Each structure stands twice: as C-alpha cells, then as structure tokens.
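S.K.: please find the sequence and the predicted model below.
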Amino acid sequence: MKKYLLLMLLGLFVGLLISKSTIAQDESRFGKDSVTCITNNSLYYEFYKQWKQSNYKNDAWKDVISPWTWVFKNCPRSYKNIYIHGERLIKEIIKAETDKVKKDKYVDTLMMLFDQRIKYFGQEGYVLGKKGVDLYKYRPTDFEKSYEILKKAVSLTGNKTLGPVLIYYFRSAEKMVKAGKIEKAVLVDIYDTESDIIDYNLKNNPKKAANWEVIRGNIELSFEPYATCEDLIGIYSVKFNETPNDVELLKKITRILDKKNCTDSDLFFHATENLHKAEPSAGSAELMGKMYVKKENWAKALEYFKQAADLQEDPNRKADLYYLMAIVNFQQKKYSQARSNCYDVLKYRPKEGKAYMLIGDMYAASAKICGNNDLTNKVAYWAAVDKYIKAKNVDQSVAADARKKINLYSQYFPATETIFFYDLKKGDKYKIECWINETTTVRTSD
C-alpha cells in the first residue's frame, strides 16, 4: 500500500511538472485533463517496469491495469507505448482469465487496441499483421476475419512482412479452402507470394536467414498436400485456357511449376513459350532451350540458347549458356561448332576447365574419322591430351578427371616404330589436319 501511494505521489509530481507546458502545446494529445493523463501514464509505467524487470513473471501487471485503462480510454493519442505495453498487458489478462465469456471480451479489447493504435499512430500494415495473427490464435473459429485482415496486412507490407504473419495468413487461407470459401487456386497464389517474400528476406537479411528458413519450412509443410503436379496443373490449366496471354498469370504458372518440379508438363511448356513471346528475356529463352533439349529438338534448343546468350548481361551466365550450346552440338557430333562454343565460354571464363575438357573429348572422339593410316588414326589423341593438360593447369576442380583421361588416351598414342616409319621422332611438331587443324607435339605410347 505504501509503495502504491509513493508511486501515486510520484506520478502526481511528474504530472504537475510537465502539464503546464504540455497542455499549452497539445491538448488534443493529452486530453482536457492532461495532469491526470500524465499522472496515470507515469503510474502505470512504474508498475510496468517492475513487471518487465521480473521478466514478466511477477504480479505487478495487476497494478498496471487501472492506470493504464484510464490512459487508454481518456488520452488515447498521448503515447504510442500505451499500445505496445497494452498489448502485452491484455494478453496476460487473457492468459490468466478462466471465464470463457470474459476471456472473449478481452480478445475484443485486444482487437480494439490494434484498431486504435492504427487510428492514432499509423503503421497499418504492421499492426494489422499483429491483429490478424492474434485473432487467429485467440479466436480460431473467426478464421475468415483473420484471413481478410492478414490478406490486407501482407498487401501493405510486402517484403517487410514478418514471418509469423506469413504463417498465419497461409493457415487462415487453408481453413478457408477447407470451408469452401475460397478455391485452391487462391491458396497456391498465396504460396507463390509468400515464397517471393521469403526469398527476398533470405537474400537481403543474411543475419536472420536461419529464422527465414524455419518460416519457409513451416509454409512448405502446410502447402505440401496442395503441391502435387496434378493439382497445380489442374488449377492453372483452367486459368491458362481462359487467358493464355496474361503475362502476370504466365509468370505465376512458370514460377510455381518450376519451383514444384512440374516442368515436364505441356502446361509449363506452353506457358513458358507464351511468356517468352510476350516478354523475351535471357531467363525465358534459356528455359525454352532446356525444354527443347528434353524433347531432343536440338535445332530449337540451340536457337533459344543463342537468344539467351545474346540477351544475357551477366558474363558468368553467358559462359554457362555457351557451354550448354557446346554440349548440344557435341551430342550431334558437330564438333567444329561445339569447339567454337567452348572458346566462347573461355572468353568469359578463361579458367573454365570444363571447356578444355570438352574440346579434348571432341578430339578423342574424332581420332578415327580424322585419319586413314596407323599414324593419322591416332594423332588426334595428342591434341586431346594437350587440352586435358591445359584443363588441369587452369582449373583444379577438373584436375582429377583430366589426369584419368590423360592416362587413358596416352595409351592410344602411336608406337615408336610407327612414328619412325613416318620419319618422325619424339618432340617433333606435327600439324593435325581434318577439322582439328592444330599443331601438337609427337609422342609415343611406349
């Protein structure tokens, strides 16, 4: 009791000191009775500090209620802390209340607190996120209202949306689907939006990456029952057939199907094709190229990879695209074009060992077709080994594979008696004809 009186007197004293100046400044902020407003604010805050210092474990929160309530009702625009502290206080009251009817009324009070905070202090998206999450937690049967609140919150906060808001938005949407109030397609759209927000935060908030990975895992787990390719294709096929040239829809379809590994479908192919026609980009051209590779339409694949390389501004990605072109040409035994592609790779990544390895493989594959006797049938292996040596010298990541191939193809070098027969000796320079057209060094297998 003595402690309470002392705090009361302290509050009155502070109120008297401050009120004369503040009342003149802004009556609308502190109300007509600014002295009582400031006194009660000081009083509740003293008790609140005691509660906070106990790590919110003692009973000081009970003493906070009366002065805080007066401030909340009579001078609601005085301090933002009324709402920050009040949120914690009301949740403690809800937690302690055993009467279901009273508990529900306190939930109403909590909702009113959020509304009043928005009214006087803004931050609508952020506060609506808190409101929607708490409504879902404390009154789960009111999931439809939670869903609408959280939907608006996410639209307002975008990439700044907090993780728990994304989780409860998805959960409320899932309940809406189960209740037949929204279609599955809406849930898929929400997943797509939330995935983008999570990806943004993983990229831009590295210190909180672990937290965002947990958020991602939580949402992925909830989405799993709706994530089958059959479901996704069924949902989006209808939309695609209605508006096959809607660019935003096409982006959504390709993004979702790619993310969920449903890229073998006709829907994915046609959506990507239409998107590329509407908005040609390096990414869409590359995707088209890869899809034509799966169809074994090599000419089309090369056409799109070339488009992608021309549109691509990132040197590393350009190198990747030229390497894909080299692989496709190699597959068709178009060795000259494949080698040209490899040299394009090396323009952008001079130490790319894979490019030298692939040229070596082309030379080794050409040995018999580039010769017509027991010497010329084997000289291409000299050039192949030259490339493998170059590969391991510039790129340690391919060194082990390069050594294996050097050992393998060195066995196919001509014998000493063969080079002697053609008036050659070890160490001589030798010009390989055919499409290879390179000068190398004479070596033997023995």
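M.R.: That came in fine, so what should we check first? Numbers count the residues shown, from 1 in each chain.

S.K.: now do stretch 216-234: distance to the chain's middle.
M.R.: 16 Å (Cα atoms, centre = their mean, to the nearest Å).

S.K.: tell me which residues in it are buried?
M.R.: 216, 218-219, 222-223, 226-227, 229, 231-233 (16 or more other Cβ atoms under 10 Å). C-beta coordinates here come from the backbone N, C-alpha and C atoms, glycine included.

S.K.: got the residues you listed as a markdown table, with secondary structure columns?
M.R.: As requested, the buried residues of stretch 216-234 are exported to a markdown table (DSSP: H, G, I helix; E, B strand; the rest coil):
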| residue | secondary structure |
| --- | --- |
| 216 | helix |
| 218 | helix |
| 219 | helix |
| 222 | helix |
| 223 | helix |
| 226 | helix |
| 227 | coil |
| 229 | helix |
| 231 | helix |
| 232 | helix |
| 233 | helix |
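
S.K.: can I get those residues in a markdown table with pLDDT?
M.R.: Listed next are the buried residues of stretch 216-234 as a markdown table, based on pLDDT from 0 to 100:
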| residue | pLDDT |
| --- | --- |
| 216 | 90 |
| 218 | 91 |
| 219 | 91 |
| 222 | 90 |
| 223 | 89 |
| 226 | 84 |
| 227 | 80 |
| 229 | 89 |
| 231 | 84 |
| 232 | 86 |
| 233 | 90 |
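
S.K.: what two of those are the furthest from one another?
M.R.: 218 and 233 (25.2 Å; Cβ to Cβ).

S.K.: for residue 142, state which of the buried residues of stretch 216-234 is nearest.
M.R.: Nearest member of the buried residues of stretch 216-234 to residue 142, counting by Cβ to Cβ, is residue 222, at 19.4 Å.

S.K.: so which strand or helix has the closest residue to that closest one other than its chain neighbours?
M.R.: Excluding the flanking residues, the one nearest residue 222 by Cβ to Cβ, 6 or more residues apart in numbering is residue 170, at 5.5 Å. Assigned by DSSP states H and E, residue 170 belongs to helix 163-178.

S.K.: tell me where the stretch 251-400 of the chain has helices.
M.R.: With DSSP state H, counting those that start in this stretch as the criterion, the stretch 251-400 of the chain has helices at 266-278, 282-294, 298-311, 315-331, 335-348, 353-366, 380-394, 399-410.

S.K.: okay if I get those as JSON lines plus mean pLDDT?
M.R.: Listed next are the helices of the stretch 251-400 of the chain as JSON lines, based on pLDDT from 0 to 100:
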{"stretch": "helix 266-278", "mean pLDDT": "92"}
{"stretch": "helix 282-294", "mean pLDDT": "90"}
{"stretch": "helix 298-311", "mean pLDDT": "95"}
{"stretch": "helix 315-331", "mean pLDDT": "96"}
{"stretch": "helix 335-348", "mean pLDDT": "97"}
{"stretch": "helix 353-366", "mean pLDDT": "97"}
{"stretch": "helix 380-394", "mean pLDDT": "97"}
{"stretch": "helix 399-410", "mean pLDDT": "97"}
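
S.K.: among the ones you listed, which is nearest residue 67?
M.R.: Nearest of the helices of the stretch 251-400 of the chain (Cβ to Cβ): helix 282-294, 59.6 Å.

S.K.: measure the residue nearest to residue 402 when sequence neighbours are not counted to residue 189 for me?
M.R.: Once flanking residues are discounted, residue 402 sits nearest to residue 392: 3.8 Å by Cβ to Cβ, 6+ apart. In this view, residue 392 and residue 189 are 50 Å apart by Cβ to Cβ, to the nearest Å.

S.K.: what does residue 357 give?
M.R.: 45 Å.

S.K.: more neighbours: which of these two?
M.R.: residue 357 (22 against 16; other Cβ atoms under 10 Å).

S.K.: hang on, that one packs against residue 390?
M.R.: No. The criterion here is Cβ atoms under 8 Å, and residue 357 misses it with residue 390 at 9.3 Å.
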